[in-house]
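Undergrad: Kindly generate the corresponding structure for this input.
(one chain, ligands or ions: 1)
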Amino acid sequence: MNSFDSLGLAEPLRLALARAGYTAPTPIQLQAIPPALQGRDLCGIAQTGTGKTAAFALPILDRLAREPAHRRKLSTRVLVLSPTRELATQIADSFRTYGTGLKLRIETVFGGVPLNRQVRMLEGGVDILVATPGRLLDLVDRRALMLDHVGILVLDEADQMLDLGFIHALRKLHALLPRRRQSLFFSATMPPAIRDLASRFLQDPVEVAVTPQATTAERVRQRVIFVNQAEKQALLTLTLADPAMERSLVFTRTKHGADRVVRHLQAAGIDCAAIHGNKSQPQRERALEAFRDGRIRVLVATDIAARGIDIDDVSHVVNFELPNVPEQYVHRIGRTARAGREGDAISFCAPDERAYLRDIERLTRIGLEVEPLPQDFLKAAARLPKPVPVPASQDAREGSPRHGRHGPGGSGGPAKRQGPPRAAGPADRPAGAPGRRRFGGKGRSRPQGGNNATRALV
Ligand code: AMP
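TA: I've put the predicted structure just below:
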């Protein structure tokens, strides 16, 4: 008997939870599972790491266990929308773990992999489909999938969906879904644009919320080192030389920036890998695996690629560049200090990133601890090995100035700027969206409520 029993979940689920070693529901599970089991719509405010996947997966599986129904061709009974393929894979894995013994067909569809296999997979119909919105719409447009029989819809990480420009895809999908359905909506933040989206999808929802963002932020020791852009690489190499940096996640703003960091670290003998939208699915999986099992202790990631990845025991988050939207900072540092542990976040702040820092401190209501540059930093930096030069074509791409939110005032200007902004990676780009679309077209206005946050980041 464990305290999951009080929730009244079906026997196979209780067994699966016991096998997974879960002894008690997390707070979001305690709040979300009972109303979801009653068939109510849910609006949940929770980040990854809180157990939110099980909070929606368990009541869904419970319903499928109690209402066995024939699979219909080209249909799914449950549709879960995820902003990224990594998160989609993880959600599907969770459904499979908790749903062991239920004989359900649980599948994923996302971009970046051939369509034909997914078309064939959908022919016989599935029970639970986890999908990124762009690829899902593609499949619907090709008549490989109908949404008429979706009885339960989950929209996960809604804030990230908006950040990635999926709003039009979501509106289209909304119009295709049956009116009679249960909808479960999750987001780490709930600014007005997300509330608006939620109100379209939900009917009389029960609101559940756990750990406001500041709580994660409070558990993490947060330091900032002021450093010129040109000197960040050397600072990173020297910082990571500290053996206390056992398992570090380094965030860069662009894909090429991530690759450049990896080249420098490897030249200095630090084993590491990058995950971002230009990496193939097998490459990303290999990198994550190596990081998880400790073969590499440094993973360099863009915000989008890192979203939703479930890696425990990240000892340090290093913000090689500060994100231009403060909510993203909170997402990043949430990768450390998971499940109530302490964590460490170090941010490198160049002169032109000071305004980003101010926004972050305003949001988290925490002043970052200022750490001086290491002693004899310049001398130590000069001794570091240099990586093999990159091909000229790539350099050219990286040389153009950064766009997005206009640069903060009082900038000394970075010595080397990052590459141009991109829309969501091809895998997740909303169907019909132009390849290199600029978001927030009015250009110089500030982001509202964090919903045009990371468009330039993949
Ligand atoms: P999530 O927030 O869904 O990404 O879950 C974060 C992690 O917590 C995952 O590794 C889950 O396997 C784990 N987890 C979820 N629920 C529980 C629970 N009740 N007890 C222990 N671990 C859990």
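
Undergrad: Pro243: how many residues sit nearby?
TA: 7 (other C-beta atoms under 10 Å). Bear in mind the C-beta positions are built from the backbone N, C-alpha and C, glycine included.

Undergrad: Tell me how far Ile333 lies from Gln233.
TA: 21 Å (C-beta to C-beta, to the nearest Å).

Undergrad: What strand or helix carries Gln160?
TA: Following DSSP states H and E, one finds Gln160 within helix 158-163.

Undergrad: Which other helices and strands does the helix or strand immediately after that helix in the chain contact?
TA: As assigned by DSSP H and E, the chain's next helix or strand after helix 158-163 is helix 167-176. When contacts are defined as 3 or more C-beta pairs under 8 Å, 6 or more residues apart in numbering; DSSP states H and E, helix 167-176 packs onto helix 133-141, helix 192-201.

Undergrad: Please produce a markdown table containing those helices, extended by distance to Lys52 and mean pLDDT.
TA: Formatted as a markdown table, the helices and strands packed on helix 167-176 follow (distance: least, C-beta to C-beta, whole Å; pLDDT from 0 to 100):
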| stretch | distance to Lys52 | mean pLDDT |
| --- | --- | --- |
| helix 133-141 | 19 | 97 |
| helix 192-201 | 15 | 92 |
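
Undergrad: Is the helix holding Gln160 in proximity to the ligand?
TA: No. For helix 158-163, no contact with the ligand is found by C-beta under 6 Å from any ligand atom; the gap never falls below 13.3 Å.

Undergrad: tell me what that helix is packed against?
TA: On a contact count with 3+ C-beta pairs under 8 Å, 6+ apart, helix 158-163 meets strand 182-187, helix 192-201.

Undergrad: of Ile333 and Gln233, who's got more company?
TA: Set Ile333 next to Gln233 and count neighbours by other C-beta under 10 Å: Ile333 wins out with 28 against 24.

Undergrad: Surely that one is in contact with Glu218?
TA: No. Using C-beta atoms under 8 Å, Ile333 is not in contact with Glu218, being 10.6 Å away.

Undergrad: quick one, what contacts the residue of the chain most remote from its centre?
TA: What lies farthest from the middle of the chain is Lys379; by C-alpha atoms, centre = their mean that is 37.8 Å. By C-beta atoms under 8 Å, 6 or more residues apart in numbering, the contact set of Lys379 is empty.

Undergrad: what secondary structure does it sit in?
TA: On the three-state scheme (DSSP: H, G, I helix; E, B strand; the rest coil), Lys379 is labelled helix.

Undergrad: Please tell me how far it sits from Gly49.
TA: In terms of C-beta to C-beta, Lys379 sits 40 Å off from Gly49.

Undergrad: One more: Ile304?
TA: 17 Å.

Undergrad: now the end-to-end length of stretch 32-41.
TA: Using C-alpha to C-alpha, to the nearest Å, one end of stretch 32-41 lies 10 Å from the other.

Undergrad: per-residue confidence for Leu384?
TA: pLDDT, Leu384: 87.

Undergrad: Next one: it relative to Ala175, how far apart?
TA: The value you get for Leu384 to Ala175, if C-beta to C-beta is used, is 55 Å.

Undergrad: Just want to know which of the two has more residues nearby.
TA: Counted by other C-beta under 10 Å, Leu384 and Ala175 do not tie: Leu384 has more neighbours, with 15 against 9.

Undergrad: Checking my notes, that one in a helix, right?
TA: No. Counting by three-state DSSP, Leu384 falls outside a helix, being coil.
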